[in-house]
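*Asks:* Starting from these lines, generate the structure:
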Amino acid sequence: MVSNWMNGSLTNDPFLSTQKNNRGLLKSDYIDLMPEPFWGNPNDSNKVAVMLNLNPGFGNQDKRYIGKQAVSRVLPNFQNSYSTFAQTSPYFTNHSFHPCATDWWNKRYDWLKSLFGSASFPFVLELCPWHSHNWSEARIDIFTPQQKQYIETYVIDPAWKAAQRSVSHLIISIGEKYVDIYQDLGFTLEKEWGPGQHSSIKSPWPQSNKTKKDKNVHFLYFSKCIEGEQKIKVLSIWLWGSNKTPCADFLNVEKDIIAWIATH
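*Replies:* Residues are numbered from 1 along each chain as shown. Below is the predicted model of the structure:
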């Protein structure tokens, strides 16, 4: 994918070729930025977890770090191989590579470490590898058959295999959009925890200091059976109007939920 982007051969891309009428992903500002299908080492048995992201973000300085000229200077140091480069987890190990994105991803890594203890970096996959300001700007509401095939082959399957070789054995995502996405991809919602809906966990649900009501954070456990009785297990988390990780008050709740999922 990245080599095709470098030489301008993108005619068969399932996300770009299916966009019509100059919609989201056809904007030149986005296409000029390196696609990012994954980061990290899927074979690292000490990685903390597998994380799914909707698609890479967009910032005014992005071209400076991941435009074609910048990438053409970086990749020769890694045998001109995106895979070799990505396995170094540059967002976590090289702050100068892309400072704004590095800060954003390290906050997620700090959150994962608090959940699972000390472990190596997560393996990260993007549902859509192309940049946009946000998922709505990318204008993907329902996946086409071609996009579903790409996601099942190049995202879900490697995510599941990598999760088996992780500390958590989980695929984790953050954001409300996933509630519809997983169902569109054939996953089953097994259980949900949220305000007033948490009787199966031991730890008390954090409450707002102002309203004294349960904080509005939702945890959903999705699964999909494959290869007999084996399950792809997904923990999907979302907060109203945000794709941030839950605050530290939820640490014990999150650990209870993860323990529950491990036995189901």
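
*Asks:* contacts, neighbours, all on C-alpha from now
*Replies:* Will do.

*Asks:* hang on, isn't Val2 packed against Asn80?
*Replies:* No - counting by CA atoms under 8 Å, Val2 does not reach Asn80; the two are 10.0 Å apart.

*Asks:* Look at the two and report which has more neighbours.
*Replies:* Set side by side, Val2 and Asn80 show more neighbours around Val2, with 18 against 15, by other CA atoms under 10 Å.

*Asks:* quick one: the more buried one and Asp13, what's the gap?
*Replies:* Val2 sits at a distance of 11 Å from Asp13 (criterion: CA to CA, to the nearest Å).

*Asks:* before we move on, what about Cys225?
*Replies:* 28 Å.

*Asks:* can you check Asn106 too?
*Replies:* The gap separating Asn106 from Asp13 is 30 Å, by CA to CA.

*Asks:* Need the three-state assignment for Asn12.
*Replies:* Of the three states, Asn12 takes coil under DSSP: H, G, I helix; E, B strand; the rest coil.

*Asks:* err, Tyr182, not the other one
*Replies:* Under three-state DSSP, Tyr182 falls in the helix class.

*Asks:* wait, isn't it in contact with Phe222?
*Replies:* Yes - the pair Tyr182 and Phe222 passes the contact test of CA under 8 Å, sitting 7.5 Å apart.

*Asks:* overlap in contacts of the two?
*Replies:* Contact criterion CA atoms under 8 Å, 6 or more residues apart in numbering; residues shared by Tyr182 and Phe222: Thr188.

*Asks:* higher neighbour count, those two?
*Replies:* Between Tyr182 and Phe222, counted using other CA under 10 Å, the more crowded position is Phe222 (23 against 17).

*Asks:* Now the helix ranked longest in the chain: buried residues?
*Replies:* As assigned by DSSP state H, the longest helix anywhere in the chain is helix 99-116. Residues of helix 99-116 classed as buried by neighbour count (16 or more other CA atoms under 10 Å): Ala101, Thr102, Asn106, Arg108, Tyr109, Trp111, Leu112, Lys113, Leu115.
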